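Undergrad: Coordinates for the following, if possible.
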Amino acid sequence: MRTTRLTWADAEKTARELRNLAAQAGEEVLTSAVTEMGTEIFHEGDAALLRLTEEHDGVILAPDRIRVDQMEIDRALSDLDPELRASMDLAAANIRAVAEAQSTAAPTAVALPQGQTVTIREVPVGAAGVYAPGGRATYPSSVLMCAIPAQVAGVERIAVVSPPGRDGLPAATVLAAAALCGIEEVYAVGGAQAIFSLAFGTATISRVDVVAGPGNVWVQEAKRRAFGEVGIDSYAGPSELMVIAGPESNPEWIALDLCAQAEHGDDSPLVVAAVEEQVLDAIEQAALRRARTRGTVTEAQLALVAVPDVEAAIDLANAYAPEHLELAEGGVEVADRIRTAGCVFVGPFGATAFGDYVAGSNHVLPTTGAGRYAGPLGPGTFRRRISTVEISADAAAKLGPHTDTIARAEGLPVHGESAMIRSRP
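TA: Alright, predicted model coming up:
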């Protein structure tokens with residue numbers, strides 16, 4: 001773990017400096033490479049998918065191995081360790097309960113004074129793609145986090161994609177999570193090529209309407225490039241954690257929280273803000289000590305910020321918009337003042353790790369400041385609104401002249417004619 005101390009300026013400037021620390025090197029090269037991959041998938045389909053899988057994952061797949069056989073999916077669940085199965089069942093139940101609480105499928109009808117009615121209803125998308133990362137770690141939890149809200153939303157077809165291992169299959173735990181959710185469509189593809197295959201479709205993989213799930217910078221850049229061809233959940237890039245600590249905070253607990261997020265990769269930014277320098281010192285020492293003895297912890301960047309007061313810490317959190325925010329001190333009254341974080345964990349027992357797995361909240365969250373306009377993945381990610389407008393003859397007579405006036409002001413007179421022809425007796 002690498003640490004740095006930032007000098008306080010103000011919330012906006014300090015947040016900008018934190019973002020600059022986390023900026024990805026070689027962004028132009030990455031963008032160009034991902035764009036080229038998308039072009040190859042669009043034009044060549046499965047052939048490009050197989051070639052890119054060999055190039056980036058080191059796995060040679062036969063064309064008939066892209067889609068995982070149902071027998072392999074079922075076997076993964078039956079072979080799952082019973083203790084792990086019980087924990088995954090608990091996680092699935094909690095995720096489903098929270099997702100069902102967010103369901104807003106009931107139509108909303110608004111009767112307007114001129115006599116027309118506008119009804120807004122929500123319908124699920126037809127097909128959703130779920131990306132479950134692989135590589136340094138495997139993420140069955142991401143399957144649960146994405147697939148269950150999609151099911152609650154009413155999506156009929158859900159396809160999971162995940163990188164293949166040396167045996168040509170996604171991780172057994174990923175397959176087990178898919179089976180636990182009743183998903184039968186799983187593909188052994190990962191990386192940017194997996195996102196493009198879901199967006200464009202290939203001979204083997206039918207295109208979807210929305211792609212969801214976390215992933216590395218390649219995956220997220222592919223989602224950004226594919227947006228418009230397909231809907232996406234958000235820019236869910238490298239995991240982030242910000243902690244607001246105080247003199248009563250347990251530095252050893254916070255150190256483990258920081259190390260846990262550093263397990264995701266060295267591009268995962270970590271931030272601790274506190275008023276007292278001695279609090280920052282204690283957390284820094286504990287984090288470095290624990291990181292040295294845990295082989296899964298990467299050289300992630302830990303930024304330590306001494307803020308003038310708690311108000312400044314809250315302002316910094318709102319300006320920085322972290323994916324995860326831990327309020328190691330301060331209760332719900334402080335949490336209610338946070339406006340931009342993806343997920344807020346309140347109190348000393350609120351470790352981000354609970355949210356990553358079993359608390360019931362979703363771990364697919366906006367990163368890199370996207371919390372300013374986006375929120376956690378949920379059923380709404382997989383639903384779209386449709387407006388139905390009913391205009392009576394009386395309403396047309398009242399609305400026509402106003403439509404005509406605005407249309408002519410915009411230089412679109414035929415719009416006005418279209419309305420006015422319905423407005424005359």
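
Undergrad: just the strands in the stretch 151-300 of the chain please.
TA: 157-161, 185-187, 210-212, 231-232, 241-244, 270-274 (DSSP state E, counting those that start in this stretch).

Undergrad: I'd like those as a markdown table, with mean pLDDT and distance to residue 64 appended.
TA: (Glycine included, C-beta is placed from N, CA and C.) Below are these laid out as a markdown table (pLDDT from 0 to 100; distance: least, C-beta to C-beta, whole Å):
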| stretch | mean pLDDT | distance to residue 64 |
| --- | --- | --- |
| strand 157-161 | 98 | 17 |
| strand 185-187 | 97 | 12 |
| strand 210-212 | 96 | 24 |
| strand 231-232 | 94 | 29 |
| strand 241-244 | 96 | 42 |
| strand 270-274 | 96 | 44 |
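
Undergrad: could you redo those strands as CSV and give each row mean neighbour count?
TA: Listed next are those as CSV, based on neighbours: other C-beta atoms under 10 Å:
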stretch, mean neighbour count
strand 157-161, 24
strand 185-187, 24
strand 210-212, 27
strand 231-232, 20
strand 241-244, 26
strand 270-274, 27
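
Undergrad: Which secondary structure elements does the helix ranked longest in the chain sit against?
TA: When the chain is parsed with DSSP state H, its longest helix is helix 82-101. Here helix 82-101 touches helix 140-153, helix 172-180, going by 3 or more C-beta pairs under 8 Å, 6 or more residues apart in numbering; DSSP states H and E.

Undergrad: hmm, 10 Å instead?
TA: Where contact means 3 or more C-beta pairs under 10 Å, 6 or more residues apart in numbering; DSSP states H and E, helix 82-101 is packed against helix 70-78, helix 140-153, helix 172-180, helix 352-357.

Undergrad: Give me the buried positions along the first one.
TA: Spelled out, that is helix 70-78. Across helix 70-78, burial judged by 16 or more other C-beta atoms under 10 Å covers 72, 73, 76, 77.

Undergrad: Which of the residues you listed sits closest to residue 284?
TA: residue 76 (41.4 Å; C-beta to C-beta).

Undergrad: what's the closest non-adjacent residue to the closest one?
TA: Ranked by C-beta to C-beta, 6 or more residues apart in numbering and with sequence neighbours excluded, the top spatial neighbour of residue 76 is residue 175, at 3.5 Å.

Undergrad: Just to check, that neighbour is in contact with residue 164?
TA: No. Residue 175 lies out of contact with residue 164 (C-beta atoms under 10 Å); the separation is 11.1 Å.

Undergrad: Give me the more crowded residue out of these two.
TA: Neighbours per residue, other C-beta atoms under 10 Å: of residue 175 and residue 164, the larger number sits with residue 175, 28 against 23.

Undergrad: dump the residue contacts of the more buried one.
TA: Residues near residue 175 by C-beta atoms under 10 Å, 6 or more residues apart in numbering: 68, 72-77, 79-80, 132, 140, 143, 160, 162, 169, 183, 186, 188.

Undergrad: how about 7 Å then?
TA: By C-beta atoms under 7 Å, 6 or more residues apart in numbering, the contact set of residue 175 is 68, 72, 73, 76, 169, 186.

Undergrad: got it, and residue 291?
TA: 1, 259, 262, 297.

Undergrad: got it, and residue 376?
TA: Contacts of residue 376 (C-beta under 7 Å, 6+ apart): 342, 343, 361, 362, 364, 365.

Undergrad: nearest spatial neighbour of the fifth one, skipping sequence neighbours?
TA: In space, not counting the residues next to it along the chain, residue 364 is nearest to residue 377; the distance is 3.8 Å by C-beta to C-beta, 6+ apart.

Undergrad: which SS class is the one you found?
TA: coil (DSSP: H, G, I helix; E, B strand; the rest coil).

Undergrad: What backbone torsions are found at the residue most central in space within the chain?
TA: Closest to where the C-alpha atoms of the chain average out (C-alpha atoms, centre = their mean) is residue 364, at 3.5 Å. Phi and psi for residue 364, reported as degrees, to the nearest 10, are phi -90, psi 100.
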